[in-house]
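Colleague: Need a 3D model of the sequence below.
(chains A and B)
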There are 2 protein chains.
Amino acid sequence: MGVISEARCGGHVDVIAELARVEGIDYETLRRRVASGRIIIVRNNRRPKIRITGIGEGLRTKVNVNVGTSGAIADMKMEIEKVRTAVRYGTDTIMDLSTGGDLDYIRRKLLEESDGIPFGTVPAYQAWIEGIRKFGGVDIPSDWFVSIVERHLRDGVDFMTIHAGITRDLALRAVRGSRIMPIVSRGGSILAAWMIENNRENPYLEHWDYLIELFGEYDATISLGDALRPGATADAHDELQIAELVNNSKLARDAVAKGVQVMIEGPGHMSLDKIAADVRLMKSLSGGLPYYVLGPLVTDVAIGYDHIAAAIGAAIAAAAGADLICYLTPSEHLSLPNVEQVKEGLLAAKIAAHAGDIVKLGAKAAEEDIRVSLMRAKLDWEGQIKASPDPEKASKVRMQFGGNIRSFEGVERLGKDTSVERS
Amino acid sequence: MGVISEARCGGHVDVIAELARVEGIDYETLRRRVASGRIIIVRNNRRPKIRITGIGEGLRTKVNVNVGTSGAIADMKMEIEKVRTAVRYGTDTIMDLSTGGDLDYIRRKLLEESDGIPFGTVPAYQAWIEGIRKFGGVDIPSDWFVSIVERHLRDGVDFMTIHAGITRDLALRAVRGSRIMPIVSRGGSILAAWMIENNRENPYLEHWDYLIELFGEYDATISLGDALRPGATADAHDELQIAELVNNSKLARDAVAKGVQVMIEGPGHMSLDKIAADVRLMKSLSGGLPYYVLGPLVTDVAIGYDHIAAAIGAAIAAAAGADLICYLTPSEHLSLPNVEQVKEGLLAAKIAAHAGDIVKLGAKAAEEDIRVSLMRAKLDWEGQIKASPDPEKASKVRMQFGGNIRSFEGVERLGKDTSVERS
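Modeller: Reported below is the predicted structural model:
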């Protein structure tokens, strides 16, 4: 029995009690939200060791780090180092997006390295790459897509992006439409290519009921992919994006009704004034289910600095109710990230999530800010450095000119002047 | 005659025509806004060479870079390099906040290096540091503060932070009040200390009419400082901040009535849900005059990454109508920035300003995003790298693993898949 069903029975559920402890929320509130699907507890019941991680209404906004090889660069040592870095700097979830090398081996190895942190994948990649090899072209049987999902579930993968919301009709409208960037989602491109080439409906949609059974069996989480998310701010909130969101919302409600945990993925590229409306629309259409956003990137031009453009969007999204934020790195749109860029992207996303939580959760999140401000007022440098999201960097910056910050003579009596702020 | 008065006369004003060309706005609209003080053209009429830079309603959001020595670190070579870096990466204004070394020499030298970019100072620093030396303590005559302003004006300084809005009463209420960080503004601390120690009213307020005459003579801009800006998110929008804003708004309206250009400085530390209200309140109280914000920082905890916390706040502020954004660097609250951190802070602020402008100015700002998105759709790497705010970094990141980004086999026909985005 999955956690939704257990929660509906009303008795004591261990993982909900554990989540109540972690998040500092009373058990009964959590139980009701888990029962309604508004909070998910992301874990595959076959995974031996897992950190209990909740995503959804009233919880701290979580952040996700993507790792994984590409077709050109499959350096396992580096990917393992990325996972370790993500764990060290406090990611909440990790996704393996590998597309190069032995995908089964890589997934199992990275899962092993993830230190009990919820681990996700995008099974369409492997289905496509290995499917083309196995079947000699794009004429891949539709149940092959499902068999890869099953393989990932058996390995203990906790959540998976399932691109079930893009229908053949939507894919055709996207490629024939007027978008600047018709389909930027890689999984979305795969599904669209398969549907159009084979003149078939979406394999995940065709096998939806079986997928529900599978995910139910492992109590894993379906993350409904946004194949048609805008890849340019000019494409945001067009009928394609909204049509897919409507489809995903229906599917998500169906999953919850059947006791399967689910979240919905969101944009993407979007000017900042659209973000709060986007989150509210998603919450309304889905009945308050968890929303997992990629950024959003509030401009298309921040090439080399997309982690900053994404942090702006993510903070606004989190404040408006987004529940899980996917990090972006400075290498977005340019290259696979290196280890340092993974760290930079994660820290930017964590800062954004916290800034959003100050609004979303109020005092509960802001107490950390008060703690730091009190240390700042006391000129407690050691405390501030320890409180930094990156104490090593903070310490280095603090000492870069010898750590000598002086107050102006004569103003020390005002007591709480940090004397490092402007004007 | 200052530009406000010229604009009011209704004839042709060269600098307004030049601004119309730079900003792509019709002359008459600009003329009316300059006449009403809603747009300022920041330049000291004694400065031989100046880039015509407008700040205010309907214009592109501008960014400011602070440079300058500290009491402990006075490395002119580094400060000059910071100015050059700020110029190279496209700052709109520069402020010299030096507090160590020969302040007159430093100011003149950095002004010379600023390549015609509007240049600002905070004269209270020099007034205090040299005043204490000259008068043997804090018993500095009030007209000394004004004499330093005059010295800066004669040097060609284009705008100056003048902390006229903090009265003695407000200073006392701040130090006796319940804020976590009573006064974090350095200039504000100086004014407060002087007023409290000498039991006198604010020297800038006392000599306000003479200051108006002086700034009028040079057609320079008064930037009314926010001595009581919140230095902790917990202190934001308290009665001290608002009382000073009310004072500054009255003074600003008085300056405009007398034909002197003025802007008002704003926070500071502030949770992101308060920012739009803050900007709207300022615009309402001041009658739509230009707003110059420092960040705002949307969390207190981003130690070592304050440029990101500030970019989040700045983007929201710009979208809501803020006109000039002061950058913050990763070294904020920790140390004087080094040259690389100046660059990082500036680029984060520029990305934020642009993200805000997409909302504030619509198509006019978004056309750059469309241009980049079209290049992205065509996989035009060279064009994208050139369009980056930092082409050198973008190129390096692009090539960090050999520049080999492949589409999935079989999806190329979808044409516009960048294949570097997630899922």
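Colleague: can you give me the helices in the stretch 301-423 of chain A?
Modeller: Remark: helices assigned in the stretch 301-423 of chain A by DSSP state H, counting those that start in this stretch are A:306-320, A:339-360, A:363-377, A:381-387, A:391-398.
Colleague: deepest of the ones you listed, which one?
Modeller: helix A:306-320 (a mean of 31; mean count of other C-beta atoms under 10 Å in any protein chain shown). All C-beta spots, glycine's among them, are computed from the backbone N, C-alpha and C.
Colleague: what packs against it?
Modeller: Other helices and strands packing on helix A:306-320, by 3 or more C-beta pairs under 8 Å, 6 or more residues apart in numbering or on different chains; DSSP states H and E, are helix A:275-286, strand A:291-294, strand A:324-326, helix A:339-360, helix B:306-320, helix B:339-360.
Colleague: can you list the helices of the stretch 301-423 of chain A in a markdown table and add mean pLDDT?
Modeller: Listed next are the helices of the stretch 301-423 of chain A as a markdown table, based on pLDDT from 0 to 100:
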| stretch | mean pLDDT |
| --- | --- |
| helix A:306-320 | 98 |
| helix A:339-360 | 98 |
| helix A:363-377 | 96 |
| helix A:381-387 | 96 |
| helix A:391-398 | 96 |
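Colleague: Can I get those helices in JSON lines including distance to residue B:342?
Modeller: JSON lines is the format used below for the helices of the stretch 301-423 of chain A (distance: least, C-beta to C-beta, whole Å):
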{"stretch": "helix A:306-320", "distance to residue B:342": "16"}
{"stretch": "helix A:339-360", "distance to residue B:342": "18"}
{"stretch": "helix A:363-377", "distance to residue B:342": "22"}
{"stretch": "helix A:381-387", "distance to residue B:342": "22"}
{"stretch": "helix A:391-398", "distance to residue B:342": "13"}
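Colleague: Ok, which of the helices and strands packed on helix A:306-320 comes nearest residue A:195?
Modeller: For residue A:195, the closest of those is strand A:291-294, at 22.4 Å, according to C-beta to C-beta.
Colleague: which non-adjacent residue is nearest residue A:40?
Modeller: Counting by C-beta to C-beta, 6 or more residues apart in numbering or on different chains, residue A:40 lies nearest to residue A:261, which is 4.3 Å off, once chain neighbours are set aside.
Colleague: no wait, residue A:251
Modeller: residue A:164 (5.5 Å).
Colleague: and that neighbour, backbone torsions?
Modeller: Here is the backbone geometry of residue A:164 (degrees, to the nearest 10): phi -90, psi -10.
Colleague: closest one to residue B:332 among the helices and strands packed on helix A:306-320?
Modeller: helix B:306-320 (3.8 Å).
Colleague: Tally up the residues packed near the residue of the stretch 1-150 of chain A found nearest chain B, please.
Modeller: Chain B sits closest to residue A:72 of the stretch 1-150 of chain A, with a gap of 3.8 Å, by C-beta to the nearest C-beta. Using other C-beta atoms under 10 Å in any protein chain shown, the number of residues around residue A:72 comes to 15.
Colleague: Can you find the residue of the stretch 101-250 of chain A that comes nearest to chain B?
Modeller: Counting by C-beta to the nearest C-beta, the stretch 101-250 of chain A gets nearest chain B through residue A:232, at 3.6 Å.
Colleague: List the contacts of that residue.
Modeller: Residue A:232 makes contacts with A:179-181, A:269, A:300, B:369-370, B:373, B:376-377, as judged by C-beta atoms under 8 Å, 6 or more residues apart in numbering or on different chains.
Colleague: Tell me if I'm right that residue A:280 and residue A:320 touch.
Modeller: Yes: shown here, residue A:280 and residue A:320 form a contact pair, counting by C-beta atoms under 8 Å, at 6.6 Å.
Colleague: buried stuff in stretch A:134-154?
Modeller: A:138, A:140, A:142, A:145-146, A:148-153 (16 or more other C-beta atoms under 10 Å in any protein chain shown).
Colleague: before we move on, what about stretch A:170-180?
Modeller: For stretch A:170-180, by 16+ other C-beta under 10 Å, it's A:170-171, A:173-175, A:179-180.
Colleague: who are the neighbours in contact with the spatially most central residue of chain A?
Modeller: Nearest to the geometric centre of chain A sits residue A:326, at 3.5 Å (C-alpha atoms, centre = their mean). Residue A:326 makes contacts with A:63-64, A:66, A:95, A:292-295, A:349, B:422, as judged by C-beta under 8 Å, 6+ apart.
Colleague: And the residues you listed, which of them are buried?
Modeller: A:63-64, A:66, A:95, A:292-295, A:349, B:422.
Colleague: got the phi/psi numbers for residue A:327?
Modeller: Dihedral angles (degrees, to the nearest 10) for residue A:327: phi -70, psi 160.
Colleague: for the record, mean pLDDT for stretch A:113-125?
Modeller: Average pLDDT, stretch A:113-125: 97.
Colleague: In CSV, list the C-alpha atoms belonging to it.
Modeller: Below are the C-alpha coordinates for stretch A:113-125, written out as CSV (Å, rounded to 0.1, in the frame of the first residue of the first chain):
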residue,chain,number,x,y,z
GLU,A,113,26.4,7.6,-4.4
SER,A,114,23.4,9.8,-3.6
ASP,A,115,23.5,9.2,0.1
GLY,A,116,19.8,8.4,0.5
ILE,A,117,18.7,11.5,-1.3
PRO,A,118,15.6,11.1,-3.5
PHE,A,119,16.9,10.2,-6.9
GLY,A,120,15.1,10.8,-10.2
THR,A,121,15.5,10.0,-13.9
VAL,A,122,14.0,10.7,-17.3
PRO,A,123,13.4,7.2,-18.7
ALA,A,124,12.6,8.5,-22.2
TYR,A,125,16.3,9.2,-22.8
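Colleague: and it, which residues are buried?
Modeller: Buried residues in stretch A:113-125, counting neighbours by 16+ other C-beta under 10 Å, are found at A:113-114, A:117-125.
Colleague: rewinding a little: which of the buried residues of stretch A:170-180 fall within helices?
Modeller: A:170-171, A:173-175 (DSSP state H).
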